[in-house]
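J.: 3D model of this:
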Amino acid sequence: MVRQRMTGKRRREQLISVGREVFAERGVDGSSVEEIAQRAGVSKPVVYEHFGGKEGLYAVIVDREMLALERVITDALKDGPWRARIEQATMALLTYVEEETDAFLILVRDQVPGEERSYSTLLNTAVSQVTHILGKAFEHRGLNPELAELYGQALVGMVSNTAQWWLDERKPEKEIVAAHIVNLCWNGLRGMEAAPKLELENSEVGDE
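T.: Next up, the predicted model:
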């Protein structure tokens, strides 16, 4: 029986899938066209033909996964009360980590030199959206909306760093992790002071 040859489109998708596994395991510097070709069951020229080399394949994978994760986060922050949006975005990121582990591993590593899109640019997009949400909430509560970006950076950073920690730990369950993140975010925001000061400053004044 003659084996049916893959179409160019199917071969490209296969190489992307294989490349994603290899880059997640070894990083871009530790990977080679030879290993990718071997796992895909093709010769090295096939990889070069489709992507021009491992950097080209890596760039395609990063761009594709960046768009996918950006869409996930954007959709999660789109609608609902602002506590619900924090819950939705936190669960969305943890679910992505759980279901697309290889992709997340690739995104949180250093990018190919010269590439503009990176995990940090995605976080900046999330910060912009969270800042917009917080700005409206701050105005409603009589707080300074100019500080919304500061709090947006803090919230997004906390969720992102916890997600990267959970990438290796995988316990407790993501629902529990999300609930505790939201607990800290929501209760912290709900009890915010208009002009907070460090207790350390007060104690130093009292000691003089």
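J.: So, low pLDDT: which residues of this structure?
T.: 1-4, 110-117, 201-208 (pLDDT under 70).
J.: So which residue is smack in the middle of it?
T.: residue 119 (5.8 Å; Cα atoms, centre = their mean).
J.: Surely that one touches residue 108?
T.: Yes. Counting by Cβ atoms under 8 Å, residue 119 does reach residue 108; the two are 5.3 Å apart. Placement of C-beta: from N, CA and C, glycine included.
J.: quick one on the thing from earlier: gap between the residue nearest to the centre of the chain and residue 180?
T.: Per Cβ to Cβ, to the nearest Å, residue 119 is found 23 Å from residue 180.
J.: buried sites along stretch 172-187?
T.: Using 16 or more other Cβ atoms under 10 Å as the test for burial, stretch 172-187 gives 174, 177, 178, 181, 182, 185.
J.: how about CSV for those residues, with distance to residue 129 and secondary structure added?
T.: Formatted as CSV, the buried residues of stretch 172-187 follow (distance: Cβ to Cβ, whole Å; DSSP: H, G, I helix; E, B strand; the rest coil):
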residue, distance to residue 129, secondary structure
174, 21, helix
177, 21, helix
178, 18, helix
181, 17, helix
182, 17, helix
185, 15, helix
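J.: Can I get these in a markdown table including distance to residue 61?
T.: Output for the buried residues of stretch 172-187, formatted as a markdown table (distance: Cβ to Cβ, whole Å):
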| residue | distance to residue 61 |
| --- | --- |
| 174 | 24 |
| 177 | 27 |
| 178 | 27 |
| 181 | 28 |
| 182 | 31 |
| 185 | 31 |
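J.: Out of those, the closest to residue 152 would be?
T.: residue 185 (11.2 Å; Cβ to Cβ).
J.: State the distance from residue 159 to residue 88.
T.: In terms of Cβ to Cβ, residue 159 sits 11 Å off from residue 88.
J.: So which elements touch the lengthiest helix in the chain?
T.: For the chain, the helix reaching the highest residue count under DSSP state H is reported as helix 54-78. If contacts are counted by 3 or more Cβ pairs under 8 Å, 6 or more residues apart in numbering; DSSP states H and E, helix 54-78 sits against helix 8-30, helix 33-40, helix 44-51, helix 82-99, helix 101-107, helix 119-141.
J.: Those: which one's closest to residue 196?
T.: helix 119-141 (13.5 Å).
J.: I'd like the helices and strands packed on helix 54-78 written out as TSV, with distance to residue 71 added.
T.: Shown next, in TSV, are these (distance: least, Cβ to Cβ, whole Å):
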stretch	distance to residue 71
helix 8-30	18
helix 33-40	27
helix 44-51	23
helix 82-99	10
helix 101-107	13
helix 119-141	11
